[in-house]
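**Q** Following is a predicted model, sequence given first.
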Amino acid sequence: MNRLRPCFGTSLPIIGVVRLPPLPDRPGSPGLDALVEFARADVAALREGGADGALLVNEHDRPHRVRAQPDTISAMNRIGRAVAERNPDFPIGCQILLNDPIASLAVAKTSGLDFIRCDHFVDPMERPEYGVMVIDPDGLMAYRDEIGAGDILVLADIQVTQATMLEPRTLRESARQACLHLADGVIVTGPESGSPPSDTDLHEALAGIGDSGLAVPLLLGGGLDADNAGRLLTVSDGAFIATAVSRDGRIDEVAVGRLMGTVRQLRVD
């Protein structure tokens with residue numbers, strides 16, 4: 001079942017990525033109160049620009065930790081709750097980097113959020129500076145059931161470009177596996193941050209979704225802009241946006257509005 005539209009209330013949902021400054025337990029943090037105001041302001045810019053949702057990410061916790069520490073989870077809970085309370089009718093999600101979808105799901109449940117993004121879901125991968133990623137899609141979904149979070153969507157990347165596959169697998173097979181492991185959306189990214197996936201990769205992922213026999217939406221992980229939206233959104237069901245709508249690290253409401261003007265012309269609502 002396609003759960004994307006009930007969550008976002010529209011076809012072709014566009015989800016803005018809010019790249020948070022360092023959290024309080026990391027160097028250079030502006031402090032929790034400032035982080036809450038940062039998140040609220042960027043989400044407001046996304047709403048005013050016409051986007052359909054927002055994803056809160058601890059982007060600038062560098063170097064990333066593979067697993068979240070208690071202080072990280074506590075801070076993301078506080079930020080997530082503050083943003084959700086201010087925006088009760090606007091879908092909000094979270095992603096705790098580098099690879100802790102269990103923590104992301106716990107924060108989403110505690111904070112009243114609507115979805116999570118998971119970079120490493122079904123693909124055995126490694127990153128030189130962090131090692132082999134722990135992959136446990138069945139465990140993640142079991143945990144979602146255990147905490148009564150079945151209404152929280154799990155949007156899963158396949159073969160993210162920042163990591164290296166540990167065994168040969170086509171993108172088509174990765175998409176099929178993600179669907180069979182109950183992902184609510186399959187995300188395909190481009191070769192680098194801010195660049196869109198190729199048409200070839202999108203069609204291969206679509207074929208894998210078709211192989212699964214399940215109605216799972218395909219999402220662009222990034223790279224969407226006003227110039228390519230007409231092409232890319234004809235072969236996908238929505239997108240995350242960040243680079244094209246950011247200025248000096250903040251969401252630019254005008255840029256969001258420009259992109260959403262193009263998207264609205266493509267919708268069938």
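**A** Cool, the structure landed. Numbering: from 1, shown residues only.

**Q** where along the stretch 101-250 of the chain do the strands fall?
**A** Assigned by DSSP state E, counting those that start in this stretch, the strands in the stretch 101-250 of the chain fall at 115-118, 125-127, 131-132, 153-157, 164-165, 185-188, 218-220, 239-241, 246-247, 250-251.

**Q** who wins for proximity to S195 among those strands?
**A** Minimum separation from S195 across the strands of the stretch 101-250 of the chain (C-beta to C-beta) falls at strand 218-220, 10.6 Å. Every residue, glycine included, has its C-beta placed from N, CA and C.

**Q** Now the closest one: buried residues?
**A** By neighbour count on 16 or more other C-beta atoms under 10 Å, the buried set for strand 218-220 is 218-220.

**Q** Check what contacts that strand and list those residues.
**A** Strand 218-220 is contacted from outside by 4, 155, 175, 185-189, 196-197, 202, 205-206, 209, 232-233, 235-240, using C-beta atoms under 8 Å, 6 or more residues apart in numbering.

**Q** again, only this time at 6 Å
**A** 185-187, 205-206, 232, 236-239 (C-beta atoms under 6 Å, 6 or more residues apart in numbering).

**Q** remind me which residues of this structure are low pLDDT?
**A** Where the chain drops to pLDDT under 70, the residues are 1, 269.

**Q** what's the residue closest to the geometric middle of it?
**A** Central residue of the chain (C-alpha atoms, centre = their mean): R117, 3.8 Å from the mean position.

**Q** Go ahead and confirm it touches L155.
**A** Yes: in this structure R117 lies within contact range of L155 using C-beta atoms under 6 Å: 5.1 Å.

**Q** Now do the contacts for the residue nearest to the centre of the chain.
**A** Counted by C-beta under 6 Å, 6+ apart, R117 has contacts 55, 95, 155.

**Q** Next, work out how far apart the last one and T164 are.
**A** Distance, L155 to T164, by C-beta to C-beta, to the nearest Å: 22 Å.

**Q** Looking at these two, which is more packed in?
**A** L155 (26 against 12; other C-beta atoms under 10 Å).

**Q** any idea how far the nearest residue to the more buried one once chain neighbours are set aside lies from R127?
**A** Nearest non-adjacent residue to L155, counting by C-beta to C-beta, 6 or more residues apart in numbering: G185, 4.0 Å away. The gap separating G185 from R127 is 23 Å, by C-beta to C-beta.

**Q** which one of the two has more residues nearby?
**A** Set G185 next to R127 and count neighbours by other C-beta under 10 Å: G185 wins out with 25 against 17.

**Q** Please enumerate the helices of this structure.
**A** 4-8, 32-49, 70-86, 101-111, 137-146, 171-180, 199-212, 229-232, 253-266 (DSSP state H).

**Q** Could you export those helices as JSON lines, including mean neighbour count and distance to G16?
**A** Formatted as JSON lines, these follow (neighbours: other C-beta atoms under 10 Å; distance: least, C-beta to C-beta, whole Å):
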{"stretch": "helix 4-8", "mean neighbour count": "18", "distance to G16": "12"}
{"stretch": "helix 32-49", "mean neighbour count": "19", "distance to G16": "4"}
{"stretch": "helix 70-86", "mean neighbour count": "19", "distance to G16": "12"}
{"stretch": "helix 101-111", "mean neighbour count": "23", "distance to G16": "17"}
{"stretch": "helix 137-146", "mean neighbour count": "15", "distance to G16": "24"}
{"stretch": "helix 171-180", "mean neighbour count": "23", "distance to G16": "23"}
{"stretch": "helix 199-212", "mean neighbour count": "18", "distance to G16": "21"}
{"stretch": "helix 229-232", "mean neighbour count": "17", "distance to G16": "14"}
{"stretch": "helix 253-266", "mean neighbour count": "17", "distance to G16": "7"}
